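Asks: Quick one: sequence and predicted model below, then my questions.
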Amino acid sequence: MRLWHTELIPFIPKSQLLAQWRELNSIFAKEDKHVLINYIYEYPKEDLYIYTQIVLEEMRARGITIRTIDKMERYFVDLHIPENYPPYTHHHNDEYLTICYYNLYEKYIRGQKDFTKEQFEALHLYYSTKKGAAF
């Protein structure tokens, strides 16, 4: 279980994007605990809501049909989100970007079927540019 770095959502393969939605729904249903996501409970729910919106936006951009958002709506009932609210500002940092990048890199070199060369090259270009500017 992992919440991918917010900046990498546009680059993750479809299978990871779908798995991200399943993981979010599991959090909405039972507030799952896992060593890779426990940090989310240290943040206000607004962070998870904004993160979820980023995932949903990417799914829609890729033409992925979302059958139901019932669990999400129940989880975030009565939540008020300020504009331009960046989620997980202390956790989704440069170090976490690198961790997620190398996790995706391993998936690519191990031959994940839905991770094309073009997708990885776009991810690598983004990461290399970001790394050169911020690291």
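Replies: Arrived safely. Numbering: from 1, shown residues only.

Asks: going forward, measure contacts between C-alpha atoms and count neighbours the same way
Replies: Noted.

Asks: after the one helix or strand residue 108 maps to comes which helix or strand?
Replies: Under the criterion of DSSP states H and E, residue 108 resides in helix 94-109. Per DSSP H and E, the first helix or strand lying C-terminal to helix 94-109 is helix 117-134.

Asks: Buried residues, the helix holding residue 108. List them.
Replies: Buried positions in helix 94-109, judged by neighbour count with 16 or more other C-alpha atoms under 10 Å: 97, 100, 101, 104, 105, 107, 108.

Asks: mind putting those in CSV, distance to residue 19 included?
Replies: CSV is the format used below for those (distance: C-alpha to C-alpha, whole Å):
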residue, distance to residue 19
97, 19
100, 15
101, 17
104, 14
105, 17
107, 14
108, 16
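
Asks: quick check, nearest of those to residue 26?
Replies: Distances from residue 26 to the buried residues of helix 94-109, taken as C-alpha to C-alpha, are shortest for residue 100 (20.7 Å).

Asks: I am finished for the moment; much appreciated.
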